[in-house]
Structures are given as structure tokens and as C-alpha cells.
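**Q** structure for this input, please:
(one chain, ligands or ions: 2)
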Amino acid sequence: MPLFKKGLPKVLVPEKLSPDGLALLRSSLDVDERKGLTPEELLEIIPNYEALLVRSETKVTATVLQAARNLKVVARAGVGVDNVDVEEATKLGIVVCNSPSGNIGAAAEHTIALLMAMARKIPEGCASLKHGKWERSKFVGVEVKGKVLGIVGLGKVGLTVARLAKGLGMNVHALDPYASPAVAASASVTLISSLSELLPSVDFLTIHTPLIASTRGMISDTELALMKPGSRILNVARGGTIDETALLAALESGHLGGAAIDVFTSEPPVSDSTASKLIAHPRAVVTPHLGASTVEAQENVSVDVCQQVLEILAGSLPRSAVNAPIILPEEYKKLQPFVRLVEKLGSLYTQHYAGSPGGSMTLNTFDLIYKGEVAGINNTAPLFAALIKGLLSPISSTEGININIVNAELVARERGIFVSEQRSRDPADESSYSSLVTLVARPPSRASSRAPAGDVAGGVAQAQHQRIISGTCSGDQPLITRLGRFEASFEPNGTLLICENYDSPGKIGVVGSILGREGVNINFMTVAPVSSKLIAGSDVTDIKVTKETLTEEDNPISKEALMILGIDRSVSPKVTTDLVKEGGVLSACAVTL
Ligand SMILES: NC(=O)c1ccc[n+]([C@@H]2O[C@H](COP(=O)([O-])OP(=O)(O)OC[C@H]3O[C@@H](n4cnc5c(N)ncnc54)[C@H](O)[C@@H]3O)[C@@H](O)[C@H]2O)c1
Ligand SMILES: O=C(O)[C@H](O)COP(=O)(O)O
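**A** Numbers count the residues shown, from 1 in each chain. Ligands and ions are numbered 1, 2, ... in the order given. Next up, the predicted model:
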């Protein structure tokens, strides 16, 4: 078991990563470099770490992730994340990030190196000379100038290969259903619309797609048969895009003039496998997944992912996560106070209303309404995630799962929670708030069968089943401005006692003495009157406008109020019961925010 620097988050590095990035981590993280771990050893130690930094060798399986109780981020120092179970990481709220552009140049240059090595038989000539032979006529190659290079996958690496190949005087044809024709044209690449059209035209074919369902085995017997006799093929993308058995057969039959392969279906290849026979074939030029192995690329990807690990562990959003939305840093900064606010709205809703009739158990449909400046924020995914976290954190253990931007949608779907986000660029409301966020909880069916406008009775019936909480941000500090039918102004922090009562003299004294008896100190108190709009009868969508309340002659609606007390500890249910029984309040509820 490693000895950790006390208190620092721990990051496990089980593969060779450039020290440039790791140096960035060392001042604030405990970096544990453990090369050569067996899968069993990885499983045993992974619960100790907050971050895991890998290349393509470490298999980050569902079992590893489930055991990783403290893991916040898996960072892949490179592009491909096929060695990481991203789906499981998403379920568990673990960010998976990568370095999508740090090794593009290296991979493209390696492709060209293999292309030239294969065309000019450099590995064979080199090996022959080292064995003391001088065989000049045996190693006559071909030129690439004027030949057709077919590229499957005109993404970052594919496009760079295209530009380099143009520099060598090649004609470049490419197949990529998602490529931009303008970008292809700017690189003088002819876009071809199908493999069957592309393959017969090429002298060299190179693959630059990810390994996904549609590309697995994409080049097999049929496709190889379409290629010209003597043509050559390259794979610096992922093993499995070219079927290894079909490729070996095409080399053995002499149909293909050569193959240059950097990646294999199983790495390292198993002895006696098809891949090992392919490697041994005299017309195959092979490298052990070296596409990204340059000093420069390794520095790039290492620095890139190490910076992201620091940011993620500090609570920021990743720049290039594969399982979370990308949000610009300046936008994320603007969102931060509202993220805190919306989480508080959700938590306040669950704690204040969950136990009440029609509470959170039945109200699983929410409108999250952004008004004013906050409505101008484009990507509200962090607000959605904050709401789900706020709603669920007070009532569920969520089995150690950290609800965040990565898994909020999945968790909401599993829990049957529906959220509709709405925006209004109008001023926040008649009030002076520049931004206002309102959470409306409602039963799904009622919402769609809303009473026609003007039908106040219907409106009240509908309103009875809604719960509304609004808030704003004062600087960075969240502020609740409405709780139910009450106009409020309190900071949702710490433990709060929320008492509904008729606003009458002496009430505060009684409540204070009951709390004093229990040894509870009051830090602050604020009174929230019924919304003036409600008294004027204009706010028919307000919540909980009960018949009893409206017809209470001695206690007209205008006399109702919420008393919100900030207290220094959580209280037992006995305290809230006593407040109702002895203190004369209508209801009392303690929440911790
Ligand atoms: N050998 C190495 O060391 C090494 C280094 C870097 C990248 N890679 C691999 O190279 C591949 C390409 O990387 P990239 O950064 O260019 O990725 P990219 O996402 O930028 O490009 C992939 C391209 O493939 C296209 N594509 C997807 N499905 C396709 C299909 N069915 N037919 C045709 N095109 C399709 C996409 O539209 C995209 O343009 C990846 O598999 C990556 O893991 C390998
Ligand atoms: O996906 C990638 O970035 C490349 O395949 C490089 O993988 P590596 O980091 O294991 O060299």
C-alpha cells in the first residue's frame, strides 16, 4: 500500500506518462506512478484514488470503476477511450476526459512514415543489411508521387495525413460521411461517397476512424477484393477496423502488395493468433502502437490531461470530457452562483414539501424557469444537474453515486423525474432582480390539462397541486425570493426552521422560548408575508391556496406569514411538533441547506 501525503487528493498513474504533465500535479496532488500493475492489483488499490491517468494499456473496466469509490475522473493521455468503460463511468458520475488533439501530428507523421517504409521496403532492406547482406535488387520499391491515397475517416488525423500526402504529390480521395465538403476542398481532397466507389481507385488505403459499431470489420474480404491487385493498406487508427483474418488472407494470396499496421485487435497480440501471423508476414510493416509515441505528442497529451485533472478535482468542468457537455470557462464562471442557487431550490423543495400532501413523492415533473440575465446563458446543463442533485441528495443515499453533470440525465430518467427548462429574456419580474430562477413542481397530467384562462376556480384547483420556489443571486450569494405563496428574502444556508403562522404579536417570543428550552440558538429571523399579487387575486398559479385559507374570516390571507429562523443546529421532530402544539404556528419544518 503506498504512503500518501496526508490530505492531498491521490492520482494513480499506471502507465508511462510524460513528466511535464505530472509535474503540474505534484504541488497539489499525491501522484502515485505504479507501472506494471496486474488487473487484480489495480482493482485492489483503486478505491484509494480520486483520479486515474491512463494511456491505451490500462483496462478501465466496469468492475474497476465500481470499486473506485473515490474516483472523480479518468483522464486518457491520448485520443481513444476504447479501453475505458465510458458507459459505466457515466452511470457513476465519473468524468472521462481525453486529449483530442495532442497527438494528431504524431499519428499523421507515423502514417506517412509507414507509407514510405512500406513503399520503399525500408524495414526489409535495413534488416538484410544488418544481417551482413548487400541485396540491392531485392528491395525495389514504388514511388508514392502521382498515386492515389484513399483515406477512410477525414477527421483530425485523416485530414493531416491528407495534407502531408498532398505534399508528397499524391492524389487524395476520402470517404467520411460526416466530413465537411468545404474542409475537404480546402485540402484538395476528393470526397467519395461509398467504399465500393473508393476502393477500386486507390493505390494505398489508410484508415483513420474510431473503432465503433459501424467501423468494426469495415474492411473485410469483400472490401479487400475490391482493391486493385498489388495495392497496399495502412492502419494507424484502431485494431478491428480491418478484419485481421481477411487481411492475412489477402497478403498470403498476393492480392495485396503490402500492409502497414500499428494497431491490433488485442494489444499486445497473443502468440499464435491471426495478429501474430500478420506481424510475421514478410510484406507487413508493423509497429507496436507507436502512432502517438513522440516526445512532443507525449508532452502535449500529458500536460493537457493533467491540467484537466487539476480543474476537475477543483470543481470546474472538463475542457474535453467524452461524457459531459463542454462549456466555455467564461460561461461556466457566470453559471456558478446559479448552480448553487438551483441546487438549493431543489433541496429546499424536497425538504420543505416532500412530506406534505402532494409532495415530492407524487410531484415528479418540474419546470425550471430562467428569467432575466440568467436566461441568456446558452448551456444550462450544470443547472439541470444541480437541480437533480438538490432534489435527490436529501432523500436518497444514491449508493455513493456522485450526481453531477455527467450522470444527472441518467439519474433523472431512472428516478422518473422530468424537467422542462424555460427561458424568458424579459426582465426577471416586476421586482428589481436582474435574474430570477423559479422552480415549479407539478403533477404531469394536470399540467397538460390546464384550465382555460379566466377560469379562476380551475386555476385554483390546478394551483393546489403546484409548489413554487423562486430565487436569485445577490453577487455570488443565492437568495430565496419566494417560497410557496410567500414573498421571501433569505439566504438558503445552514439549518432553517420554516414556520407558517398568522402574523400576530407575541408569536416570535413563544417560538423563541420553545427553542431556548431545547438549547437551540437563533442566528437570524425573517418574516415572509403572503405575496401582494396573491392578495390582489392576480397570481392564480400560486401554490397551496387552500379553501380553508381563503375563507378564514378571522385570519384573512393577508395575515398569514412565514417565519424563517436560522438556527445553530438541527432539531428533533419533537421541536417542530411542540412549535405547532404549544407555539400556535400552523406548520413547522426544519431544513438544512
Ligand atoms: N495509433 C495511434 O497511436 C493513434 C494516435 C492518435 C489517434 N489514433 C486513432 O486514430 C483514429 C482517428 O483519430 P482522430 O483524432 O482523427 O479522430 P476524429 O474523431 O477527429 O476523426 C475520425 C473521423 O472518422 C469519421 N468516421 C466515423 N465513422 C466513419 C465511417 N463509418 N466511415 C468513414 N468515416 C467515419 C468521422 O466522421 C471523423 O471525421 C482514432 O481511432 C484514434 O483513436 C491512433
Ligand atoms: O488513442 C490514442 O491517443 C493513440 O492510440 C495513442 O495511444 P497511446 O497513448 O497508448 O500511445
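**Q** when you work out contacts or count neighbours from here on, use the C-alpha atoms and nothing else.
**A** Will do.
**Q** what residues does this structure have near ligand 1?
**A** Residues of the chain found near ligand 1 (C-alpha under 6 Å from any ligand atom) are 79-80, 100, 103-104, 107, 152-158, 175-179, 208-211, 214-215, 236-238, 262, 289-292.
**Q** any of these buried? List them.
**A** 79-80, 100, 103-104, 107, 152-158, 175-176, 208-211, 215, 236-238, 262, 289, 291-292 (16 or more other C-alpha atoms under 10 Å).
**Q** helices - which of those land there?
**A** Taking DSSP state H as the definition of helices, these contribute 104, 107, 156-158.
**Q** is it possible to export those to TSV including distance to residue 526?
**A** TSV is the format used below for these (distance: C-alpha to C-alpha, whole Å):
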residue	distance to residue 526
104	60
107	64
156	59
157	62
158	64
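**Q** just the residues you listed now: which is nearest residue 51?
**A** Comparing those against residue 51 with C-alpha to C-alpha places residue 104 closest, at 24.8 Å.
**Q** so who does that closest one touch?
**A** 156-157, 160, 292, 297 (C-alpha atoms under 8 Å, 6 or more residues apart in numbering).
**Q** can you tell me which of these are up against ligand 2?
**A** When C-alpha under 6 Å from any ligand atom is applied, the members of the contacts of residue 104 adjacent to ligand 2 are residue 292.
**Q** in a markdown table, list the contacts of residue 104 along with pLDDT and distance to residue 440.
**A** Output for these, formatted as a markdown table (pLDDT from 0 to 100; distance: C-alpha to C-alpha, whole Å):
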| residue | pLDDT | distance to residue 440 |
| --- | --- | --- |
| 156 | 95 | 45 |
| 157 | 97 | 48 |
| 160 | 98 | 51 |
| 292 | 98 | 51 |
| 297 | 98 | 50 |
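**Q** of the contacts of residue 104, closest to residue 403?
**A** Scanning the contacts of residue 104 for proximity to residue 403, where the rule is C-alpha to C-alpha, the winner is residue 156, at 32.9 Å.
**Q** which residue, other than its chain neighbours, is closest to the closest one?
**A** residue 104 (6.4 Å; C-alpha to C-alpha, 6 or more residues apart in numbering).
**Q** for the ones in helices among the buried ones among the residues of the chain next to ligand 1, which one is nearest residue 143?
**A** residue 158 (20.7 Å).
**Q** who's in contact with that closest one?
**A** Neighbour list for residue 158: 108, 151-152, 207-208 [criterion: C-alpha under 8 Å, 6+ apart].
**Q** what of residue 54?
**A** 13-15, 74-77.
**Q** just want the phi and psi numbers for residue 561.
**A** With angles defined as degrees, to the nearest 10, residue 561 sits at phi -160, psi 160.
**Q** and the residue lying closest to it once chain neighbours are set aside, which of the three is it?
**A** Nearest residue to residue 561 in three dimensions, chain neighbours excluded: residue 529, at 4.5 Å (C-alpha to C-alpha, 6+ apart). Following DSSP: H, G, I helix; E, B strand; the rest coil, residue 529 is assigned to strand.
**Q** just to check, residue 139 is in contact with residue 124?
**A** Yes: judged on C-alpha atoms under 8 Å, residue 139 makes contact with residue 124 at a distance of 7.5 Å.
**Q** tell me which of the two has more neighbours.
**A** Neighbour count, other C-alpha atoms under 10 Å: between residue 139 and residue 124, residue 124 has more, with 18 against 15.
**Q** name the SS class of that one, please.
**A** helix.
**Q** roughly how far does it sit from residue 423?
**A** Here residue 124 is placed at a distance of 66 Å from residue 423 (C-alpha to C-alpha, to the nearest Å).
**Q** quick check: the residue of the stretch 401-550 of the chain found nearest ligand 2 vs residue 294, distance?
**A** Closest contact between the stretch 401-550 of the chain and ligand 2, by C-alpha to the nearest ligand atom, is at residue 406 (21.8 Å). Distance of residue 406 to residue 294, given as C-alpha to C-alpha: 32 Å.
**Q** which one of those two is surrounded by more residues?
**A** Using other C-alpha under 10 Å, the more surrounded residue of residue 406 and residue 294 is residue 406, with 25 against 15.
**Q** which residues does the more buried one contact?
**A** Residue 406 makes contact with 90-91, 93-95, 323-325, according to C-alpha under 8 Å, 6+ apart.
**Q** filter the residues you listed down to the ones in helices?
**A** 90-91.
**Q** tell me the two of the contacts of residue 406 that are most distant?
**A** Among the contacts of residue 406, 91 and 325 lie farthest apart (C-alpha to C-alpha), at 15.0 Å.
**Q** what does the domain assignment say about this structure?
**A** Following automatic domain parsing, the chain resolves into domains at 1-102+294-323, 104-286, 324-483.
**Q** returning to that earlier point: residue contacts, the residue nearest to residue 561?
**A** 486-488, 558-562.
**Q** quick revisit: in strands, which of the contacts of residue 406 fall?
**A** residue 95 (DSSP state E).
**Q** between the contacts of residue 406, which is nearest ligand 2?
**A** Nearest to ligand 2 among these, with distances taken as C-alpha to the nearest ligand atom, is residue 323, at 16.3 Å.
**Q** that closest one contacts residue 85, correct?
**A** No: in this structure residue 323 lies outside contact range of residue 85 using C-alpha under 8 Å: 10.9 Å.
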